[in-house]
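Enquirer: coords please:
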Amino acid sequence: GLTLLPTLYERAGFTAAALRDDQRRFRADTAAVLALQRAFSDAGRPLLNAGAAIHSLRAARPESLHDLAARCDGPVHIHIAEQQAEVRDCLASTGCRPIEWLLRHASPDRRWQLVHATHSVPSEIEGLARCGAGVVLCPGTEANLGDGLPDLGGWLRTGVPLSLGSDSQVTRSWSEELRWLEYTQRLLQQQRCVAAAPGQQASTAARLFDRMLAGGAAAAGFERWGLQLGARADLLLLHAEDPALIGVPGPQLLDALVFAAPARPFQRVMVAGRWVDPAPAALAARHAAAMQALWPADST
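Expert: All right, here's what the predicted structure looks like:
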């Protein structure tokens, strides 16, 4: 499945009138973004969904941002508060922090997804909790670029919808992203099992997994998500005999998967109720046939 997000990108900075020469190939105004979003939505492809994105506050004029949000009928993503430099630029140009500006001037709702949101303050987290907007955390990207750490405790406590993402090609592993998210917080706070909720949900990985799974629906533009009636049946079948998982009790499987299984111990993948990879026996037969074709038994 795929959710496409054509992106509003108009200017190089808060005080710039247009994009730089090296950025112009990415230019898209509100009309272009909405035209693409509707074309994708009308394509009739069962595994294709569409919304829209705003590159950042600095890259979009306020009037364009408002127009796009008002007319888009899918999820609306915006990269925001990723770096301290961005926060300083926004304060200097608007008098507000990035998330603060969005809450004051854009009226975000449940369609909105704030990508990164690395540098926040408690009042901004509380404001997002009230309006229902979600946050897409990108721990692998932030670690790779040295951008900083999110207030994970604040996001978890207030119930803000959370999901996982990336805006780079560094990693595409959800379990690795969850591991980064938890381990960086442990290093920062010098304590263990930061995301666990003693007395409610003792498993660190399970709490993070459940929150990301729940928040992923809105981020991808779905009303239902995960293992529930009416949701698209997307499944990963675990390989219980994998060395990282063998002998692990059921309640600890997610912890083992996130913190002790750097490989991918999955047997099969289902997308929209259909197995999209061959069964292990079929894979073995295909491999044997390929080897026979390369090296016939009578070859020397």
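
Enquirer: after the host helix or strand of residue 115 comes which helix or strand?
Expert: Using DSSP states H and E, residue 115 falls within strand 112-116. In the C-terminal direction, the helix or strand that comes right after strand 112-116 (DSSP H and E) is helix 122-131.

Enquirer: so that next one versus strand 112-116, what angle?
Expert: 150 degrees (axes from the mean of the first three to the mean of the last three C-alpha atoms, to 10 degrees).

Enquirer: which helices and strands sit right next to helix 122-131?
Expert: With contacts taken as 3 or more C-beta pairs under 8 Å, 6 or more residues apart in numbering; DSSP states H and E, helix 122-131 sits against helix 98-105, helix 152-158. For glycine as for every other residue, the C-beta is placed from the backbone atoms N, C-alpha and C.

Enquirer: pick the most deeply packed of these.
Expert: When you average the neighbours per residue for each of those (mean count of other C-beta atoms under 10 Å), helix 98-105 leads with a mean of 21.

Enquirer: residue 153 touches residue 194, doesn't it?
Expert: Yes - when contacts are counted by C-beta atoms under 8 Å, residue 153 is listed as touching residue 194 (7.2 Å).

Enquirer: ranges for the strands of this protein?
Expert: For the chain, strands defined by DSSP state E occupy the ranges 2-4, 7-8, 48-50, 52-54, 76-80, 112-116, 134-137, 162-164, 235-238, 266-271, 274-275.

Enquirer: can you lay out the ones you listed as a markdown table showing distance to residue 22, mean neighbour count and mean pLDDT?
Expert: Shown next, in a markdown table, are the strands of the chain (distance: least, C-beta to C-beta, whole Å; neighbours: other C-beta atoms under 10 Å; pLDDT from 0 to 100):
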| stretch | distance to residue 22 | mean neighbour count | mean pLDDT |
| --- | --- | --- | --- |
| strand 2-4 | 24 | 15 | 95 |
| strand 7-8 | 17 | 23 | 98 |
| strand 48-50 | 28 | 18 | 95 |
| strand 52-54 | 20 | 26 | 98 |
| strand 76-80 | 19 | 26 | 98 |
| strand 112-116 | 23 | 26 | 98 |
| strand 134-137 | 27 | 26 | 98 |
| strand 162-164 | 30 | 24 | 97 |
| strand 235-238 | 40 | 14 | 92 |
| strand 266-271 | 37 | 15 | 91 |
| strand 274-275 | 43 | 10 | 92 |
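
Enquirer: redo these as a markdown table? Include distance to residue 125.
Expert: As requested, the strands of the chain are exported to a markdown table (distance: least, C-beta to C-beta, whole Å):
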| stretch | distance to residue 125 |
| --- | --- |
| strand 2-4 | 25 |
| strand 7-8 | 25 |
| strand 48-50 | 28 |
| strand 52-54 | 20 |
| strand 76-80 | 13 |
| strand 112-116 | 11 |
| strand 134-137 | 9 |
| strand 162-164 | 11 |
| strand 235-238 | 31 |
| strand 266-271 | 34 |
| strand 274-275 | 39 |
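
Enquirer: now for these, which one comes closest to residue 27?
Expert: Among the strands of the chain, strand 7-8 comes nearest to residue 27, with 9.6 Å by C-beta to C-beta.

Enquirer: how close does the closest residue to residue 59 other than its chain neighbours get to residue 38?
Expert: Ranked by C-beta to C-beta, 6 or more residues apart in numbering and with sequence neighbours excluded, the top spatial neighbour of residue 59 is residue 9, at 5.3 Å. If you measure residue 9 against residue 38 using C-beta to C-beta, to the nearest Å, the figure is 18 Å.

Enquirer: can you pull the pLDDT of the residue nearest to residue 36 when sequence neighbours are not counted?
Expert: Leaving out its chain neighbours, the residue that sits closest to residue 36 by C-beta to C-beta, 6+ apart is residue 6, at 3.9 Å. Per-residue pLDDT puts residue 6 at 98.
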